[in-house]
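> for reference, the sequence and a predicted model appear below.
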Amino acid sequence: MPLYECNEYQFVENIRRFIETQEKFVVNRKLSWHDDAKYGLATLPEEEFSRYSAICHRKSLKSSVICTVPFINGFYKRAYNEGEILHAASNLKFPKMSIPYYQVEFSLNVWGGTYFFTFDALFDPEITMEKRSDRKFDGTVLIHVLKYTPPHEKILNINLPKQVVVFDVKKMIRVIDYSSIF
Amino acid sequence: MSLLVPIEKVKDKLGEMNFSLIMISTIVADGKFWKKGLYTKGEDTIHVSHEIGDAYPKDPIITICGCNETISKVVEEMLDIAIV
């Protein structure tokens, strides 16, 4: 079964064309949470990296990211000390602190082919000052805490015509059509 | 639609049309980072995405048409020079 990858514009435009054929159809949406070190601080664009500027520093894109203050990553319940490297320029593929994200996949099965559009939505960082205790620090301290909030479902949608039914699915299992072999 | 105008102009125009910015998120699609904003007015919704940078890894993309030996050799050599 062939798979055809589309960008958002192509995907929505293809659906618009398909609606004109008066065919009934369903679009599947798969939403999955990932934290597989795909995204790290060193490779974020400047605009996104600036959201972390209260706790870390880098010289430029793809430079090593170093803690400027001690902080706790509330998402992983892990403490970092000042001077610790969060993402090394020499090891860009494997950041020490990765950014969680949702992978969103919209797909449409039609005439034996699957057309899909995928994107990743990064969790939103928020840095606050809180009183916390951790074995890395002596007693209770007032410390920066990095928290992540998942993006709202509304922002994970794409604008599809109202005639389209969107089904949420956990996994798409490719079916092998053995009948075509014999 | 794609527009060759600054994002600020788009925001202003949507404001004039009484669309409100509800939320912004950072997404990665087509090898780029985007800021995606959701604007609403009643039941109507508009998504506006503007590019903020390249996702890593990016170009160059290599495609090979060759025998297995060539493909293996090219992949091996490229991985050697890539920053890991």
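That came through fine.
> which residues in the chain form strands?
Defaulting to chain A. Using DSSP state E, the strands of chain A run over residues A:3-5, A:26-34, A:56-57, A:65-67, A:71-73, A:78-80, A:85-87, A:101-110, A:113-122, A:124-133, A:140-149, A:165-169.
> think we crossed wires, I meant chain B
Across chain B, reading from the start of the chain, the strands by DSSP E fall at B:20-29, B:32-41, B:44-54.
> mean neighbour count for the strands of chain A - can I get that in TSV?
(Each C-beta comes from the backbone N, C-alpha and C, glycine too.) Rendered in TSV, the data for those read as follows (neighbours: other Cβ atoms under 10 Å in any protein chain shown):
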stretch	mean neighbour count
strand A:3-5	13
strand A:26-34	15
strand A:56-57	20
strand A:65-67	21
strand A:71-73	22
strand A:78-80	18
strand A:85-87	22
strand A:101-110	19
strand A:113-122	19
strand A:124-133	14
strand A:140-149	16
strand A:165-169	11
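> closest to chain B out of those strands?
For these, the distance to chain B is smallest for strand A:113-122, at 3.6 Å, taking Cβ to the nearest Cβ.
> can you list the helices and strands that the closest one packs against?
For strand A:113-122, the helices and strands in contact under the criterion 3 or more Cβ pairs under 8 Å, 6 or more residues apart in numbering or on different chains; DSSP states H and E are strand A:3-5, helix A:8-19, strand A:101-110, strand B:20-29.
> relative to chain A, which of the strands of chain B is closest?
Proximity to chain A, assessed across the strands of chain B by Cβ to the nearest Cβ, is greatest for strand B:44-54 (2.6 Å).
> what's the closest one packed up against?
Counting contacts by 3+ Cβ pairs under 8 Å, 6+ apart, the secondary-structure elements packed against strand B:44-54 are helix A:46-49, helix B:7-16, strand B:32-41.
> buried deepest among the ones you listed, which one?
Among those, strand B:32-41 has the highest mean neighbour count (mean count of other Cβ atoms under 10 Å in any protein chain shown), at a mean of 18.
> what's the distance between the one residue in chain A that gets nearest to chain B and residue A:162?
Distances between chain A and chain B by Cβ to the nearest Cβ are smallest at residue A:45, namely 2.6 Å. Here the criterion is Cβ to Cβ, to the nearest Å. By it, residue A:45 lies 34 Å from residue A:162.
> and the contacts of the longest helix seen in chain B?
Ranked by number of residues, the top helix in chain B under DSSP state H is helix B:68-81. Outside of helix B:68-81, the residues within contact range by Cβ atoms under 8 Å, 6 or more residues apart in numbering or on different chains are B:62, B:64, B:66.
> which of those residues sits closest to chain A?
Of all the contacts of helix B:68-81, the one sitting nearest chain A is residue B:62; the distance, using Cβ to the nearest Cβ, is 17.3 Å.
> count of neighbours near the closest one?
Neighbourhood size, residue B:62 [other Cβ atoms under 10 Å in any protein chain shown]: 8.
> who touches it in this structure?
In this structure, residue B:62 makes contact with B:74, B:78, judged by Cβ under 8 Å, 6+ apart.
> and it, backbone torsions?
Comment: the main-chain dihedrals of residue B:62 come out as phi -110, psi 130, following degrees, to the nearest 10.
> same check on residue A:22?
Taking degrees, to the nearest 10 as the convention, residue A:22 sits at phi 70, psi 10.
> distance of it from residue B:36?
When distance is defined by Cβ to Cβ, residue A:22 is 32 Å away from residue B:36.
> please apply the same query to residue A:3.
Residue A:3 sits 25 Å away from residue B:36 when distances are taken as Cβ to Cβ.
> try residue A:164
Applying Cβ to Cβ to residue A:164 and residue B:36 gives a distance of 20 Å.
> next one: residue A:51
The spacing between residue A:51 and residue B:36, counted by Cβ to Cβ, is 15 Å.
> residue A:79 now?
32 Å.
> what's the answer for residue A:14, then?
As for residue A:14, its distance to residue B:36 is 20 Å (criterion: Cβ to Cβ).
> show me which residues of chain A are close to chain B?
Contact residues of chain A with respect to chain B, defined by Cβ under 8 Å from any Cβ of the partner chain, are listed as A:7-9, A:39, A:43-48, A:61-62, A:90-93, A:101, A:117-122, A:124, A:151-152, A:154-156, A:158-159.
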